[in-house]
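Enquirer: pasting the structure only:
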């Protein structure tokens, strides 16, 4: 593509029907999707016997650690964290990102005390009336489930969805509860 762009086809990237252009766009979308999945499915776990230090394990399909690390530095700016992947790792100490070699799944804790919180949160946001297993697995592919504490509940939530929907339909309608406190006059 570079040769073509510099040797007579400067508008190549605008030709959407060109096989090379299509392939490059497909590759770009795959990398972008992998970046999105990393942002969505990384779970930092507290390191036992360390003072507020967190480690996460993730298995991206592409070499995206350098691209996504600044997002985590902004998002978890006040945390001391390390993200380990098979190809590369990155550590944020609250000041700078330090990149290093990859690691193994065993380099990160398998779980921590926050696991039950993730499970409660996921169970409460799960809407059985909107269950669409095909779409759910497209957005949260099974390959990520092993590293997500909340994913352990998915089979049970899916199995019980029909019964929960029936119970909701059979329940008498209730007026919504006011969530904001009333102003004192």
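Expert: Arrived safely. Worth saying up front: this structure is predicted, and the values here are computed from it rather than measured.
Enquirer: From now on I want contacts and neighbour counts done on CA atoms only, so please keep to that.
Expert: OK.
Enquirer: Look up phi and psi at the residue nearest the centre of the chain.
Expert: Geometric centre of the chain, nearest residue: residue 40, 1.7 Å, by C-alpha atoms, centre = their mean. For residue 40, the backbone dihedrals are phi -80, psi -30 (criterion: degrees, to the nearest 10).
Enquirer: Would you mind giving the domain segments of the protein?
Expert: 2-36, 114-172 (automatic domain parsing).
Enquirer: Now mean neighbour count and mean pLDDT too, for those, in TSV please.
Expert: Shown next, in TSV, are the domains of the chain (neighbours: other C-alpha atoms under 10 Å; pLDDT from 0 to 100):
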stretch	mean neighbour count	mean pLDDT
domain 2-36	13	95
domain 114-172	13	86
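Enquirer: Just put those domains in TSV and tack on distance to residue 181.
Expert: Output for the domains of the chain, formatted as TSV (distance: least, C-alpha to C-alpha, whole Å):
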stretch	distance to residue 181
domain 2-36	37
domain 114-172	22
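Enquirer: Mind jotting down where the helices sit in this structure?
Expert: All helices of the chain, identified by DSSP state H, fall at 2-6, 19-41, 65-75, 115-125, 133-139, 142-145, 154-170.
Enquirer: Report the distance from the shortest one to the chain centre.
Expert: In terms of C-alpha atoms, centre = their mean, to the nearest Å, the centre of helix 142-145 is found 11 Å from the chain centre.
Enquirer: what does the fifth one give?
Expert: Taking the mean C-alpha point of helix 133-139 and that of its whole chain, the gap between them comes to 14 Å (C-alpha atoms, centre = their mean).
Enquirer: So what's the residue count around the closest residue to residue 84 other than its chain neighbours?
Expert: Closest residue to residue 84 apart from its sequence neighbours, by C-alpha to C-alpha, 6 or more residues apart in numbering: residue 57 at 5.0 Å. Using other C-alpha atoms under 10 Å, residue 57 has 25 neighbouring residues.
Enquirer: give me every residue that touches residue 57.
Expert: Residues counted as contacts of residue 57 (C-alpha atoms under 8 Å, 6 or more residues apart in numbering) are 42-44, 83-85, 105, 107-108, 147.
Enquirer: before we move on, what about residue 81?
Expert: 44, 53-56, 91-93.
Enquirer: Repeat that for residue 49.
Expert: By C-alpha under 8 Å, 6+ apart, the contact set of residue 49 is empty.
Enquirer: Check what pLDDT it gets.
Expert: Residue 49 carries a pLDDT value of 74.
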